[in-house]
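Enquirer: Give me a 3D structure for the following:
(chains A and B)
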There are 2 protein chains.
Amino acid sequence: MASTLRNLVTVLSAAAMLGAGAAALADTKLAPPKGYRTWFHVNTAIVDKASPLFADIGGMHNIYVNATGLKALKSGGTYPDKSVFVSDVHDVTLDNGVYGEGGRKGVAIMVKDAKKYAATGGWGFQFWVGGDPAKPVVTDAAKQCFGCHMPQKDHQFVFSTYIP
Amino acid sequence: MASTLRNLVTVLSAAAMLGAGAAALADTKLAPPKGYRTWFHVNTAIVDKASPLFADIGGMHNIYVNATGLKALKSGGTYPDKSVFVSDVHDVTLDNGVYGEGGRKGVAIMVKDAKKYAATGGWGFQFWVGGDPAKPVVTDAAKQCFGCHMPQKDHQFVFSTYIP
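Expert: Modelled structure (predicted):
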């Protein structure tokens, strides 16, 4: 069940993001985080062709969390401001039943700032196509992202769980 | 092509490992590395039901490398002794076309010691069922592991490539 929920966070939130609209209208206050590839690898999920969400967000979602967020993920304590989760989304290769990691499709984040993002559970959201800072797609985080996170209120709106 | 090769390393080497035989006969000089979950996440692959290898090694393979190995992976330079790659193998959950990460099936490693493991390209190999130090399964690394790595001679017998 935990795995299912972990998948859904990636799927649903990213789906909303990708259907967002013009980059010109996007919240450009956020920027893709640097160095996330060296952060803690939380888990991975693949949205395959059989998923109704494939058209929007098919691919491999590698989830990372920064050191600030990792402490809370492990302990179950409150995520402090500057906690960041990243979903590093890649195309998927398929070779004789083996799914592999292809090129980068985009980078999604949720970043904690309890005051600044009070309207969306204390988390700010954005998705950049190809990870390109010039291509953000989230224009309305409350609608496009937070709606799917709301059921996780008892878990600080986070789907990820800690896998030792 | 690179992705395909990255997949194959996981698949073929682990397949040989899992078919290895009694743990009692295994090389017990190696131990599962501590802290690999915080190492650099190289890539992920899933061996699905459609793969002929599913029965042996179906699951999600999360590949990590330690800091020593990462430098060489990035630069293309020679892997120094004590470079370690880990494949953290998990069961796969499938929910409406979305593949997620289930429980741990096992932990595979390749560790560099040019002199000690000269017969297998300078790499030592082992696989522990469930990551349990008491359950190694590789008894003949040359046969069970290295055979599949030999075609990668021009890449120091490593299939992984660096994904920024």
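
Enquirer: contacts and neighbour counts: CA atoms only from here.
Expert: Noted.

Enquirer: Can you list the buried residues in the longest strand along chain A?
Expert: Criterion DSSP state E: the longest strand present in chain A is strand A:98-112. By neighbour count on 16 or more other CA atoms under 10 Å in any protein chain shown, the buried set for strand A:98-112 is A:98-102, A:104-112.

Enquirer: I'd like those as TSV, with distance to A:Asp81 and pLDDT appended.
Expert: Shown next, in TSV, are those (distance: CA to CA, whole Å; pLDDT from 0 to 100):
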residue	distance to A:Asp81	pLDDT
A:Val98	39	92
A:Tyr99	36	93
A:Gly100	34	95
A:Glu101	32	96
A:Gly102	33	96
A:Arg104	28	96
A:Lys105	27	95
A:Gly106	24	96
A:Val107	20	96
A:Ala108	18	93
A:Ile109	14	96
A:Met110	11	96
A:Val111	8	97
A:Lys112	5	97
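
Enquirer: out of those residues, who's near chain B?
Expert: A:Val98, A:Tyr99, A:Gly100, A:Glu101, A:Gly102 (CA under 8 Å from any CA of the partner chain).

Enquirer: now, among those, which is nearest to A:Lys71?
Expert: Of all these, A:Lys71 sits closest to A:Glu101, with 28.0 Å by CA to CA.

Enquirer: which secondary structure element contains the closest residue to that closest one other than its chain neighbours?
Expert: Leaving aside its sequence neighbours, A:Glu101 sits nearest to A:Val92 (CA to CA, 6 or more residues apart in numbering or on different chains; 5.2 Å). Using DSSP states H and E, A:Val92 falls within strand A:84-95.

Enquirer: what does chain A put close to chain B?
Expert: Residues of chain A lying near chain B (CA under 8 Å from any CA): A:3-4, A:6-7, A:37-41, A:43-52, A:93, A:95-102, A:164.

Enquirer: Which among the residues you listed count as buried?
Expert: Buried among the residues of chain A next to chain B by 16+ other CA under 10 Å: A:3-4, A:6-7, A:37-41, A:43-48, A:51, A:93, A:95, A:97-102.

Enquirer: what's the spacing between the residue lying closest to A:Val158 once chain neighbours are set aside and chain B?
Expert: Using CA to CA, 6+ apart and skipping residues adjacent in sequence, the residue nearest A:Val158 is A:Gln152, 6.1 Å away. Counting by CA to the nearest CA, to the nearest Å, the separation of A:Gln152 from chain B is 18 Å.

Enquirer: Burial check on A:Gln152, number of neighbours?
Expert: 14 (other CA atoms under 10 Å in any protein chain shown).

Enquirer: Dihedrals phi and psi, the residue lying closest to A:Gly58 once chain neighbours are set aside?
Expert: In space, and not counting its chain neighbours, A:Gly58 is closest to A:Val47: 4.8 Å by CA to CA, 6+ apart. Phi and psi for A:Val47, reported as degrees, to the nearest 10, are phi -90, psi 110.

Enquirer: So what sits opposite A:Val47 in the bridge?
Expert: Beta-bridge pairing of A:Val47 under DSSP bridges involves A:Gly59, B:Val98.

Enquirer: Do I have it right that it meets A:Asn62?
Expert: No: here A:Val47 does not reach A:Asn62: they are 11.3 Å apart, not a contact under CA atoms under 8 Å.

Enquirer: Stretch A:64-74: how far from the chain's middle?
Expert: Relative to its chain's centre, stretch A:64-74 lies at 14 Å (CA atoms, centre = their mean, to the nearest Å).

Enquirer: Go through it and flag the buried ones.
Expert: Quick answer for stretch A:64-74 (16+ other CA under 10 Å): A:Tyr64, A:Val65, A:Asn66, A:Gly69, A:Leu70, A:Lys71, A:Leu73.

Enquirer: Please tell me I have it right and A:Phe127 contacts A:Ala108.
Expert: Yes: look at A:Phe127 against A:Ala108 with CA under 8 Å: they come within range, at 4.1 Å.

Enquirer: So what does A:Ser75 look like in phi/psi?
Expert: Per degrees, to the nearest 10, the backbone of A:Ser75 is at phi -90, psi -20.

Enquirer: Quick check: the gap between the closest residue to A:Pro32 other than its chain neighbours and B:Asn96.
Expert: Sequence neighbours aside, A:Pro133 is the residue nearest to A:Pro32 in space, at 6.1 Å (criterion: CA to CA, 6+ apart). Noted for A:Pro133: a distance of 32 Å to B:Asn96, by CA to CA, to the nearest Å.

Enquirer: tell me the contacts of A:Phe58?
Expert: One thing to correct before we go on: residue A:58 is Gly, not Phe. By CA atoms under 8 Å, 6 or more residues apart in numbering or on different chains, A:Gly58 lies in contact with A:Ile46, A:Val47, A:Asp48, A:Lys49, A:Asp91.

Enquirer: list the contacts for the third one?
Expert: With contacts defined as CA under 8 Å, 6+ apart, the neighbours of A:Asp48 are A:Phe54, A:Gly58, A:Gly59, B:Gly97, B:Val98, B:Tyr99.

Enquirer: Which pLDDT value belongs to it?
Expert: With respect to pLDDT, A:Asp48 scores 86.
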